[in-house]
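Trainee: have a look at this prediction, sequence included:
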Amino acid sequence: MARIPDEEIERLKREVSLERLAEARGVVLTRHGADLIGLCPFHDDRESSLVITPDKNLWHCLGACQAGGSAIDWTMRAHGRGY
C-alpha cells in the first residue's frame with residue numbers, strides 16, 4: 001500500500017476543520033472561551049466532554065474515551081480504523 005506523503009498529511013491536518021467534522025456527526029458545539037465544547041460522539045456522553053480548539057484544529061475528550069488529536073485521528077476513530 002502506498003504511503004501518503006507527510007506534506008499531504010500535514011496539509012489535511014491544517015485545512016480540514018474539526019468543527020465541521022463534529023457538526024457533520026451531529027455534535028452540537030457551543031463556544032467556551034476560545035474553545036468549542038459538546039457531547040463526545042465516541043462514547044455515551046451525558047455532559048459535554050468534547051473540547052475542540054479551533055485555533056490549533058485539535059480535539060480532546062475529557063470523558064470516558066480520553067481520545068483526541070487531529071482531523072485525521074477524528075476521521076479514523078469515526079470510521080473504526082486504527083493506524
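Mentor: Alright, I've got the coordinates. Predicted model, so just to flag it, every value in this text is computed and none were measured. Numbers count the residues shown, from 1 in each chain.
Trainee: so where do the strands sit in the chain?
Mentor: Per DSSP state E, the chain carries strands over the ranges 30-32, 35-38, 50-53, 58-61, 68-69.
Trainee: mind exporting the longest helix along the chain as CSV, just the C-alpha atoms?
Mentor: Ranked by number of residues, the top helix in the chain under DSSP state H is helix 6-15. What follows is helix 6-15, C-alpha atoms only, in CSV (Å, rounded to 0.1, in the frame of the first residue of the first chain):
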residue,chain,number,x,y,z
ASP,A,6,4.0,13.7,5.1
GLU,A,7,3.3,17.1,3.4
GLU,A,8,-0.1,15.9,2.4
ILE,A,9,-0.9,14.6,5.9
GLU,A,10,0.1,17.9,7.4
ARG,A,11,-1.9,19.8,4.9
LEU,A,12,-5.0,17.8,5.8
LYS,A,13,-4.5,18.4,9.5
ARG,A,14,-4.3,22.1,8.9
GLU,A,15,-7.1,22.5,6.3
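Trainee: which helices and strands sit right next to it?
Mentor: Here helix 6-15 touches helix 71-78, going by 3 or more Cβ pairs under 8 Å, 6 or more residues apart in numbering; DSSP states H and E. C-beta coordinates here come from the backbone N, C-alpha and C atoms, glycine included.
Trainee: tilt between the helix it packs on and helix 6-15?
Mentor: 80 degrees (axes from the mean of the first three to the mean of the last three Cα atoms, to 10 degrees).
Trainee: give me the contacts around helix 71-78.
Mentor: For helix 71-78, contacts defined as Cβ atoms under 8 Å, 6 or more residues apart in numbering pick out 9, 12-13, 16-18, 21-22, 25, 41-42, 57, 59, 67, 82-83.
Trainee: circling back: for residue 2, find the nearest of the strands of the chain.
Mentor: Closest approach to residue 2 among the strands of the chain (Cβ to Cβ): strand 68-69, 22.7 Å.
Trainee: could you report the pLDDT at residue 81?
Mentor: Listed pLDDT for residue 81 reads 78.
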